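Asks: Got a predicted structure plus its sequence, pasted below:
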Amino acid sequence: MTLSGSLVARIAVLVVVVVLVQTGVISEVPVFGVVVDLSPLVVAFVGLLCGSTLGAATGFALGLLVDLALVQTLGVTSLIFTLIGYWSGRLRELRDPQATLTPLLVGAAASALATVGYSLMEFLLGVDAPVSLELLRQIALGVVVNTIVALPIWAFVRRSLEPSLPDDPRRRRRRAYTTGGLSPLSRA
Amino acid sequence: MYDKTVRRRRAVLVLLVVLSLILLSAYFGEASSGGLHSVQRGFLTVVSPIQDGANKALKPVRDLFGWFGDTLHAKSQLSELRKQNDKLRKEVVADRANEHGYHELVGLLRLDQLKLDSYRPVTATVVGKSPNIWYSTVWIDKGTSSGVQKNDPVVNAEGLVGKVAQAASDGAVVDLITDSEVGVSARINGTGATGVVQPKVGEPNDLVLQYLPANTQANRGEYIVTSGTVASPDDSLYPPGILIGQVSSVDEESAYKSVNVHPLADLHNLDIVQVLTHTLSSKPGRLTSLQSGFSSGSQTGAGGGESSQLASTGAGG
């Protein structure tokens, strides 16, 4: 993935907007008793669109911002989000999944990784919270709710970054077929 | 070329992971006055006004979503609240009579008590909230410039909300009572038995009143209020009599007697809160200084064990 200034600027704006909207609005509107967490979804989708290096860097930056803004232990969220961004980027580089449901599955996996990773880190850091049925229910519900919102968030992230993404030959071909311009059928 | 790309990609990953681990270790190891904590406070100072503006701009959206949830919740609570209202009306009549006699006795004994009006409440708007279930914190738009200090109690119309964890000039972070960092000395309003309210382990939205005397009688629905004492030298000095929650069930099986408590304040929908600030010369200020004196005394080994519960505020439970 070629690194352009415009793409980095768009990702930076996206990261700041996500943190502000997450802490100011989304966190105050519980759905089924849990809060939608946009951050892992955005990190995973940036990785899916821009590759592993940008995905990991976005994950680190967004995680650091979240830790700073919410006065949490610095480094915990950065570490988890770096790994999520890198993983989704590698998924794109190795498999390049094109199915419509890909963002849904990637979103679910990213949310689950974030929640489980966060729980593990908290246990390692000594937070007194043994696994209970209620806690597992909250984690599972959180992943489900995040999965529900994954598709609109994917559309938003893609729309925000697409103008600065290098043109993908396959996408260009699909667009051409849709408009009819380069379709072999239209030439016939 | 391919090798170079792979090496660069791996180097970036390793660098970011190592950087995260260094941050984590340094932050975890340093005191709250350390460099990284100061950076965090500085960030809070810079971002608070932006967050405040964003919060106000996006309030209609939040209210719209909140309206649906609130309507459903209100309907389910209506009949229960009607019953509670009838019960409380009777209790108020009885309490008025008791209160009159109580004030007379306090006057006779010349007790200098700490009351809620000894504090200077600062009204603040909640402008942010932690999204994950491990941290129960909110972000308010008032800070040290309004007199808000670390450990100041935070309340709303329904009851105790939490305490100030960090204060910057124009904003502060509040640890909610459901945060694992918070413990509140409390008593059962009916019996006067005292204990410590802490988050219920594994259930992030509930509380438990622990370390009660073995013979404590507690009934479902009884109110839990702050006792006006501190449970540890570094704790917040909550004024006595602030509502915390209602007993939801009694745990007979644990070694210590404990009761499960459901918080009265709706911690998911906080909008306006009040920070109970105080000046150094006020009674809460003097008690806090005394408390910190005991705290530093305990660190040097001078009677530290007795410091907890010493900064009593005369709750008179």
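Replies: That came through fine.
Asks: alpha carbons only for contacts and neighbour counts from here, please
Replies: OK.
Asks: and the longest helix for chain A?
Replies: helix A:133-161 (DSSP state H).
Asks: touching chain B at all, that helix?
Replies: Yes. With C-alpha under 8 Å from any C-alpha of the partner chain as the criterion, chain B is reached by helix A:133-161 at A:133-135.
Asks: From these, keep the buried residues only.
Replies: residue A:135 (16 or more other C-alpha atoms under 10 Å in any protein chain shown).
Asks: hmm, back to that, show me what the longest helix of chain A is packed up against.
Replies: helix A:5-24, helix A:38-50, helix A:102-124 (3 or more C-alpha pairs under 8 Å, 6 or more residues apart in numbering or on different chains; DSSP states H and E).
Asks: ok, now with 7 Å
Replies: helix A:38-50, helix A:102-124 (3 or more C-alpha pairs under 7 Å, 6 or more residues apart in numbering or on different chains; DSSP states H and E).
Asks: ok, and which of these has the densest surroundings?
Replies: For the helices and strands packed on helix A:133-161, the largest average neighbour count (mean count of other C-alpha atoms under 10 Å in any protein chain shown) is found in helix A:38-50, namely a mean of 27.
Asks: counting contacts, what elements does the helix or strand that that helix is followed by pack onto?
Replies: Going down the chain from helix A:38-50, the next helix or strand is helix A:52-69, by DSSP states H and E. When contacts are defined as 3+ C-alpha pairs under 7 Å, 6+ apart, helix A:52-69 sits against helix A:38-50, helix A:76-94, helix B:2-29, helix B:35-57.
Asks: who in the stretch 201-317 of chain B is up against chain A?
Replies: Contact residues (C-alpha under 7 Å from any C-alpha of the partner chain) of the stretch 201-317 of chain B with chain A: B:201-203, B:268-269.
Asks: would TSV of those with distance to residue A:17 be doable?
Replies: Conversion of those to TSV gives the following (distance: C-alpha to C-alpha, whole Å):
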residue	distance to residue A:17
B:201	34
B:202	32
B:203	31
B:268	22
B:269	22
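Asks: and which of these is nearest residue A:76?
Replies: Taking C-alpha to C-alpha as the measure, residue A:76 lies nearest residue B:202 of these, at 20.3 Å.
Asks: In the longest helix of chain A, which residues are buried?
Replies: A:135, A:138-147, A:149-151, A:153-154, A:157-158, A:160-161.
Asks: follow-up on the earlier one: can you add secondary structure and give the residues of the stretch 201-317 of chain B next to chain A back as CSV?
Replies: Shown next, in CSV, are those (DSSP: H, G, I helix; E, B strand; the rest coil):
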residue, secondary structure
B:201, coil
B:202, coil
B:203, coil
B:268, coil
B:269, coil
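Asks: what's the lowest-pLDDT member of the residues you listed?
Replies: Within the set of those, pLDDT is lowest for residue B:202 (68).
Asks: quick one: stretch B:220-240 to chain centroid distance?
Replies: Relative to the mean C-alpha coordinate of its chain, stretch B:220-240 is positioned 10 Å out (C-alpha atoms, centre = their mean, to the nearest Å).
Asks: Now do the longest helix of chain A against helix A:5-24, angle only.
Replies: 150 degrees (axes from the mean of the first three to the mean of the last three C-alpha atoms, to 10 degrees).
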